[in-house]
Structures are given as C-alpha cells and as structure tokens.
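Colleague: need a 3D model of the following:
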Amino acid sequence: MNPVYHQAKFINSSPHLSNTPPDQGLEVAFAGRSNAGKSSAINTLTRQNGLARISKTPGRTQMLNFFEINERQRFVDLPGYGYAKVPLAVKKKWHELMETYLTSRKSLCAIILVMDVRHPLTEFDWQMIEWCEHTGLPLHILLTKADKLNYGAAKNTLLQVQKELKDASFPVTLQLFSALKKTGIDEVHFALDQLFSPADQDQSEISTPS
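Modeller: Numbers count the residues shown, from 1 in each chain. The predicted model follows:
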C-alpha cells in the first residue's frame, strides 16, 4: 500500500477547462458509468471517506473534479455517464466536457475505467477502451462491487473481460475491487505507481501483482 495516495486533497470542480489546474505534471482520470462506483473507489484508495462526493442518486458528478496527490500528480474524477436521469441536453454537455478534456489535456497520462463487475463492458466502457486504443493511453480497469458476487463468479467475469481485451494493441490491465470490503487497494496503488511513472518508461511492462 502506498501512503502517498492518502495525502490526496480536493482542488476544485469545473464545468469547463478554463478553470482547471495548470496543464502540467501528470493526471490519472477516473471514468465510468454514473452508478459504477467511481467516487467510492477514489475515497477507498485514498482512505478519505468524504474526498469524492457520493450520492444515492447516480449522476451527481457533473463536472471535472480535480484532486492533488502532490505537486506533480493529480486524480481527475470525470462526469459519470449513461445512467443519470437527467435531460438529454445535460448528458450531451457532460459528454462534450469529457471529450474536450480527453482530447486536449496534455497532462493526462492514463485512465482508470470503473465498471460494475455485474455489468461490465457497456457501450460507454467500449467507447473509453477504443479511445485509449486510438491514443495509446494506458488503461487500468477496476471491476468494482466485487463483494456483490461470490469469488468464483467475480473471477469468471474478470477472466471474461480479460479475454475480450486480449488482442488490445495498447497497455491495459484489470482487477477486481470492492470499496465495501476494502479489497484490491494494494493492486490499485501498484497500478497507479506504474501509471504515474515517467513517460519514457516502457508502459508495456505495466502489470498488477497476482
């Protein structure tokens, strides 16, 4: 477990890129459907229950939320997508904000894609995977809410998703995770250590411990 991530602190929220931290250093962005457990994952891996806001109503993350790890590293919580009961125009605005961030943010070095282990590889998930493949950006997948399934079923889902992505032409790793049971935290920290490594590192060597 890397305690550096426990030092994370909220910087700001922004509905556009004009009011974001300077585009320098390294950022790992968390993406996922509105009910996949992004905020819970961020809170769990930083050991701060109130760092990322959690709501009983999916889709409350409507802006880019920035969290500082240290002067060179940040987390970014992207707007949840695909579930929230909001007007189509609002969903379109979220999508445009994400697209602008993903295509123009120079400090973005990797994506952590959060999927509910019971409902993996949705249309949105594939869009993010294909975008990472197009750009070559490293991707680490969290199959969250693993406590909702018995270990055998959760492991089978992990293997199925792994099989779907076996021919990927870009760096991609995946793991099971449970915010409730606090399982998979060490693996996330290990992955983050690799993702935040200098850009000249051979990203093809990224892996998580068994």
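
Colleague: remind me, longest helix of this protein?
Modeller: Under DSSP state H, the helix in the chain containing the largest number of residues is helix 88-104.

Colleague: and that helix, how far out from the chain's middle?
Modeller: Its chain's average C-alpha position is 16 Å from that of helix 88-104, according to C-alpha atoms, centre = their mean, to the nearest Å.

Colleague: what do you get for stretch 173-188?
Modeller: So, by C-alpha atoms, centre = their mean, the centroid of stretch 173-188 is 12 Å from its chain's centroid.

Colleague: contacts for that stretch, please.
Modeller: Contacts to stretch 173-188, defined as C-beta atoms under 8 Å, 6 or more residues apart in numbering, come from residues 1, 37, 40-41, 43-45, 112, 117, 139-147, 154-155, 158, 161-162, 165, 191, 206-209. Backbone N, C-alpha and C define where each C-beta goes, glycine included.

Colleague: from residue 196, how far off is residue 140?
Modeller: 11 Å (C-beta to C-beta, to the nearest Å).

Colleague: what do the two both touch?
Modeller: With C-beta under 8 Å, 6+ apart as the test, residue 140 and residue 196 both reach residue 110.

Colleague: which parts of the worst-scoring helix or strand of the chain on mean pLDDT are buried?
Modeller: Here the helix or strand of the chain ranked lowest by mean pLDDT, DSSP states H and E is helix 88-104, holding a mean of 82. Buried residues in helix 88-104, counting neighbours by 16 or more other C-beta atoms under 10 Å, are found at 91, 93, 94, 97, 98, 101, 102.

Colleague: can you check stretch 17-34 too?
Modeller: 20, 21, 25, 26, 27, 28, 29, 30, 31, 32, 33, 34.

Colleague: and the end-to-end length of that stretch?
Modeller: One end of stretch 17-34 sits 21 Å from the other (C-alpha to C-alpha, to the nearest Å).

Colleague: swap in stretch 166-176?
Modeller: 17 Å.

Colleague: quick one: the strands in this protein, in order.
Modeller: 9-14, 26-32, 64-70, 73-77, 108-116, 139-144, 172-176 (DSSP state E).

Colleague: can you pull out the low-pLDDT segments for the chain?
Modeller: 54-61, 82-86, 198-210 (pLDDT under 70).

Colleague: cutoff 50 now
Modeller: 57-59, 200-210 (pLDDT under 50).

Colleague: who does the longest helix of the chain touch, helix- and strand-wise?
Modeller: For helix 88-104, the packing partners by 3 or more C-beta pairs under 8 Å, 6 or more residues apart in numbering; DSSP states H and E come out as strand 26-32.
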